[in-house]
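*Asks:* structure for the following, please:
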Amino acid sequence: MKKLVIFLCLLVSLPLQAANLSINGLRLWAAPDHTRLVFDTSGPVDHSLINLSKPDRLVIDISNTRLSAVIPTVSQGDRYVQRVRSGSRNKNDLRVVLDLKQHVRPKSFMLKPNSKYGHRLVIDLYGINESAYKKPEVVKTVSKNGLRDIVIAIDAGHGGEDVGAIGANGTHEKNVSMAIAKKLKALIQAEPGMRPVMTRDGDYYVALRKRMKIARQRKADLFISIHADAFRDPRVRGASVYTISNRGASSEAARWLANSENGADLVGGVTLDDKDDLLASVLLDLSQTATRQVSTEAADKIYHQLKKLGKVHGKRVQQAGFVVLKSPDIPSILVETSFISNPREERKLNDPRHQKKLAKAILGGVRSYFETAPPPGTLLAARKPTGPGKHIISRGDTLSGIASRYQVSLGALRNINRIAGDRIRIGQVLRIPRGG
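*Replies:* Numbering: from 1, shown residues only. I've put the predicted structure just below:
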């Protein structure tokens, strides 16, 4: 009998406990291609979505929940949402209504707690015809003589709901990475023969692989992702530069070959969808080898410019499997500008003057690299002397990779350097033939 009473008490108390769920935060992020609404919930919630028209509205019903947060103000630039309002439904339920500017295609999901947030309900709004809205693509500027600008993709890390690392004084990594990215963009815009593009230009989230896709759509010659590092020890400081690791490159190659959607994408200017598995694998490997060669050389230039600015963390360019570095055909670099977890470096990261110094250091490395090895058909390549150039062998270099990098034949590279086989050594200086 006693057990039955306890069971009945628990049964009666369940709805009361559920009714105590609350929305403790409500945030709205407007990106170019979608709007994200995030509810901070005190626990997992049941919800439903109802799309209404004339006028267009999205009704969000959340069961056994009350609102304890302030309704966010909608930005004027939001393409989908005009206003957010709320009310109770059936006494226990919460109803949130989005007054819309157009009909939308909603997507919703729950997120489990992590180090920064608790339970979250996420509502993403997309246009009915996504293809109807496209952010204008940056076409490579071509001069009258048929030469083009070098395109640099600038990736400000994190954004929107993803704030990144947080400093001791509350600084968000997403904000400092964007501030530095914007300053780098302005510097590159003023650089003859170069053109910047941004993977995000506001405070919104962009998926990691979409950042790679944006760079590919803009036909970028180099991808630079800007971040601020963090560590549990606040004394750790210094900048660092990363390129893709062997393991990261191998896993991406497997992903590309296994995913039929990637087949139609160009890798090194060649589509893989009409190639057999072996040929596709060889072409992808060649593309990755050349891409990693460029990444390493450009990263090394940036590393040495940052070293002039202050302490660097690590003795050389490091390698890691960061997703944004995995593009097989776009040389990609990730720059950890300093440790936001270090109070002194956090203060410097918030200083616009220091942000500009970091941007100048990154540009200095980019300029140094492309002055040495500009892509064929660019304004910088046309201004470069036509005599043989030089290349200093570094760890991981191969003759075939160097030949591919400088767009010369392997035979011409061997002949000008009097090399019979493929053996080279670190520190060796190679002459690079022009038009080989």
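
*Asks:* state the distance from the closest residue to residue 391 other than its chain neighbours to residue 59.
*Replies:* Spatially, and ignoring its direct neighbours in sequence, residue 391 is nearest to residue 430 (4.7 Å; Cβ to Cβ, 6 or more residues apart in numbering). Quick note: C-beta positions are derived from backbone N, CA and C, even for glycine. Shown here: residue 430 relative to residue 59, a distance of 67 Å by Cβ to Cβ, to the nearest Å.

*Asks:* the two: who's more crowded?
*Replies:* Taking residue 430 and residue 59 together and counting by other Cβ atoms under 10 Å, residue 430 has the greater number of neighbours (22 against 14).

*Asks:* end to end on stretch 27-45, go ahead and measure it.
*Replies:* Stretch 27-45 has an end-to-end distance of 17 Å (Cα to Cα, to the nearest Å).

*Asks:* what's the average pLDDT for that stretch?
*Replies:* For stretch 27-45, the mean pLDDT works out to 94.

*Asks:* how about that stretch: buried residues?
*Replies:* Within stretch 27-45, the residues scored as buried using 16 or more other Cβ atoms under 10 Å are 28-31, 34-41, 45.

*Asks:* likewise stretch 224-232?
*Replies:* So, applying 16+ other Cβ under 10 Å, buried residues of stretch 224-232: 224, 225, 226, 227, 228, 229, 230.

*Asks:* same question for stretch 354-373.
*Replies:* 354-370, 372-373.

*Asks:* what's the answer for stretch 316-328, then?
*Replies:* Buried-residue list, stretch 316-328, by 16+ other Cβ under 10 Å: 317, 318, 319, 321, 322, 324, 325, 326, 327, 328.

*Asks:* ok now it, how far from the chain's centre?
*Replies:* Taking the mean of its C-alpha atoms, stretch 316-328 sits 12 Å from the chain's own mean (Cα atoms, centre = their mean, to the nearest Å).

*Asks:* just the buried residues of stretch 27-45 now: which is nearest residue 398?
*Replies:* Closest approach between the buried residues of stretch 27-45 and residue 398, by Cβ to Cβ: residue 31, at 40.9 Å.

*Asks:* picking up where we left off before, in CSV: the buried residues of stretch 224-232, plus pLDDT and distance to residue 109.
*Replies:* Output for the buried residues of stretch 224-232, formatted as CSV (pLDDT from 0 to 100; distance: Cβ to Cβ, whole Å):
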residue, pLDDT, distance to residue 109
224, 96, 31
225, 95, 26
226, 97, 29
227, 95, 26
228, 95, 28
229, 91, 30
230, 91, 27
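
*Asks:* give the contact list for the closest residue to residue 113 other than its chain neighbours.
*Replies:* For residue 113, ignoring the flanking residues on the chain, the nearest one in space by Cβ to Cβ, 6+ apart is residue 119 at 5.9 Å. Listed by Cβ atoms under 8 Å, 6 or more residues apart in numbering, the contact set of residue 119 reads 40, 41, 42, 43, 44, 45, 110, 111, 112, 113.

*Asks:* and for the last one, the neighbour number?
*Replies:* Yep, that's residue 113 we're talking about. Residue 113: 10 neighbours (other Cβ under 10 Å).

*Asks:* any idea how far residue 34 is from it?
*Replies:* Counting by Cβ to Cβ - residue 113 and residue 34 are separated by 24 Å.

*Asks:* hmm, back to that, of the buried residues of stretch 224-232, closest to residue 245?
*Replies:* Taking Cβ to Cβ as the measure, residue 245 lies nearest residue 225 of the buried residues of stretch 224-232, at 14.9 Å.

*Asks:* which element is that closest one on?
*Replies:* strand 222-229 (DSSP states H and E).

*Asks:* name the next helix or strand downstream of that strand, please.
*Replies:* strand 240-244.

*Asks:* now that following strand: average pLDDT?
*Replies:* The model assigns strand 240-244 a mean pLDDT of 91.

*Asks:* could you do stretch 114-134 as well?
*Replies:* pLDDT averaged over stretch 114-134 gives 80.

*Asks:* buried set for that stretch?
*Replies:* So stretch 114-134, judged by 16+ other Cβ under 10 Å, has buried residues 119, 120, 121, 123, 124, 125, 127.

*Asks:* could I get these as TSV with secondary structure and distance to residue 308?
*Replies:* Shown next, in TSV, are those (DSSP: H, G, I helix; E, B strand; the rest coil; distance: Cβ to Cβ, whole Å):
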residue	secondary structure	distance to residue 308
119	strand	46
120	strand	43
121	strand	48
123	strand	47
124	strand	43
125	strand	46
127	strand	47
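
*Asks:* which one of those is nearest residue 398?
*Replies:* residue 124 (44.2 Å).

*Asks:* that older thread, identify the farthest-apart pair in the buried residues of stretch 114-134.
*Replies:* Most distant of the buried residues of stretch 114-134, by Cβ to Cβ, are 119 and 127, 28.3 Å apart.
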